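# Predicted model and sequence below, questions to follow.
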Amino acid sequence: MRPRATRTLRMAWALVGVVLVVSGCGDENNRVAAPSEPIQLPEELFSSTLAPRGTSSRSFTLPRAGTIAVTLVNSDTTIGLGVGLPRTSGGGCRLGVAVSTGGASAPQISVQADPGQYCVQVYDLGTLTEPIAFSLKVDHP
Amino acid sequence: MRLTALIVFVLATAASFSACDDTPTTPSAPAAPTAATERFDAIIDPKGLNYFAFGVTQSGLPTTVNLASLAPLDRPGVVDVNMQIGLGTTIRDDGNNLIGCERRTTIDTRPGLSAQLSDMLTPAANYCATIADIGNLKESVNFSLRVSHP
């Protein structure tokens, strides 16, 4: 092969390389995914005081359907515990599920729920003679 | 001449092998129907029936009803009894005023936080959701109905 032809052929192969590199596809799906972290469920902690004949409530959002688990952690007295929809005015809850319970380590309420706004409420069952402190935990998607 | 043809062939082949294929060539699908959730809060009396109108604007998704709360008027808690909830078509008078709801699907259910009744309502039109006491209420109560519809 003549020297000029050889040079031209080398240039052609170099151009092929450039074309291949420049036109490489940027498909990110080909990247190796990092190991996924375990999904942490949002956890709402709520501590306050409940007065005789009183109620205490807290709202939260459920972004997708799932299970709402409510644990009244520390209450020596049996009180009302419920989950429902926040009132549209005036604060408080309109309950859909409720139990009478004292403190425990396992959820006293575990209920399937559609996405939306919810609230958890504790209330006196008519037995309190003085204010009590309570803490509760709400786990949800 | 042969060399030029070879170069053109090699470049064309390289370009065709390296072409990306991530551009959609088919027409995109129509947007999926989406659901809206409406909430109806009111008071229902023993033996009572309440109904609420809503509009279905698309087809392709079911309409669901959730009796999300049934609560005493004067104290916290839940009235945990069976109520009848339903879906139907609106009844209007000559002046287009809503005067009733002709129920086509009903279910007896206690309050809960997820949909208890589902029905595919077609065509897109005005419909109604109902709640009725089937004999379990001893007093008037607050209720919350959630209706999710396309």
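Nice, thanks for sending it over. Numbering: from 1, shown residues only, chains lettered A, B, ... in the order given.

# ok, then the element right after the helix or strand bottoming out on mean pLDDT in chain A?
Sorting the helices and strands of chain A by mean pLDDT, DSSP states H and E puts helix A:3-22 at the bottom, at a mean of 52. Beyond helix A:3-22 on the C-terminal side, the first helix or strand identified by DSSP states H and E is strand A:43-50.

# mean confidence for that following strand?
Per-residue confidence for strand A:43-50 averages out to 92 on the pLDDT scale.

# Strands of chain B, start to end?
Assigned by DSSP state E, the strands in chain B fall at B:36-44, B:49-55, B:63-72, B:83-92, B:98-109, B:117-119, B:126-133, B:141-149.

# most tightly surrounded among the ones you listed?
With neighbours taken as mean count of other CB atoms under 10 Å in any protein chain shown, the strands of chain B reach their highest mean count in strand B:63-72, at a mean of 24. Backbone N, C-alpha and C define where each C-beta goes, glycine included.

# Tell me which strands that one pairs with, and in which orientation.
The strands that strand B:63-72 pairs with in its sheet are strand B:117-119 (antiparallel), strand B:141-149 (antiparallel) (by DSSP bridges).

# Now find how far off-centre the last one is within its chain.
Think strand B:141-149. Distance of strand B:141-149 from its chain centroid, counting by CA atoms, centre = their mean, to the nearest Å, is 13 Å.

# Convert the C-alpha atoms of that strand to CSV, please.
C-alpha atoms of strand B:141-149 as CSV (Å, rounded to 0.1, in the frame of the first residue of the first chain):
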residue,chain,number,x,y,z
VAL,B,141,-74.1,11.7,65.3
ASN,B,142,-71.4,13.5,63.3
PHE,B,143,-70.2,11.7,60.2
SER,B,144,-67.5,12.2,57.5
LEU,B,145,-67.8,10.6,54.1
ARG,B,146,-64.9,10.7,51.7
VAL,B,147,-65.7,10.2,48.0
SER,B,148,-62.9,9.7,45.6
HIS,B,149,-63.9,10.0,41.9
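
# any weak-confidence spans in chain A?
Counting by pLDDT under 70, chain A has low-confidence residues at A:1-41.

# re the thing from before, relative to B:Ala31, which of the strands paired with strand B:63-72 is closest?
Taking CB to CB as the criterion, B:Ala31 comes closest to strand B:141-149 out of the strands paired with strand B:63-72, the separation being 16.7 Å.

# That closest one to strand B:83-92, inter-axis angle?
Going by axes from the mean of the first three to the mean of the last three CA atoms, to 10 degrees, strand B:141-149 is angled at 60 degrees with respect to strand B:83-92.

# gap between B:Lys47 and A:Thr101?
33 Å (CB to CB, to the nearest Å).

# likewise B:Ile91?
From B:Ile91 to A:Thr101 the distance is 45 Å (CB to CB).

# Can you read off the pLDDT for B:Arg2?
Per-residue confidence at B:Arg2 stands at 57 (pLDDT).
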